[in-house]
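Peer 1: Give the three-dimensional model of this entry:
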Amino acid sequence: MRAGFCDFICSIRRNGKSLGRWARDEVGKRGGFIAQLAVLAILIILLGVVALVVVNALKTSPCATFTLAMTISDRVVDGRVFAISCGRDECWKRR
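Peer 2: The predicted model follows:
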């Protein structure tokens, strides 16, 4: 919570610029690109760790696995209904 708040405050002080934009402004175009790649790599690793934790938690609980499976399928159906009701059904039509 505290780290997210610090990022928010720093972002406000820098007119809402991203971390990559900060680096580009401070150290140049090449450094900004490298900083963006580093942030992307860190986020991918963190996402993998979270996925591993979730999978390990679900493998011991059939009830949790069932709940997650039903939630995902329900969200897919809701997305389809929303797209149809808003008139954005192009991606769902068969060609």
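Peer 1: residues near V27, how many?
Peer 2: 12 (other CB atoms under 10 Å). For every residue, glycine as well, the C-beta is placed using N, CA and C.
Peer 1: now for the longest helix belonging to the chain, which elements pack on it?
Peer 2: Counting by DSSP state H, the longest helix found in the chain is helix 29-58. Packing contacts for helix 29-58, counted by 3 or more CB pairs under 8 Å, 6 or more residues apart in numbering; DSSP states H and E, involve helix 19-27, helix 62-85.
Peer 1: do you know how far the spatially closest residue to K59 that is not a sequence neighbour is from A57?
Peer 2: Nearest non-adjacent residue to K59, counting by CB to CB, 6 or more residues apart in numbering: T65, 7.8 Å away. According to CB to CB, to the nearest Å, T65 and A57 sit 10 Å apart.
Peer 1: hmm, back to that, quick one: the residue nearest to K59 and L58 touch, right?
Peer 2: Yes. Contact criterion CB atoms under 8 Å: T65 and L58 qualify, at 4.8 Å.
Peer 1: most packed of the helices and strands packed on helix 29-58?
Peer 2: helix 19-27 (a mean of 15; mean count of other CB atoms under 10 Å).
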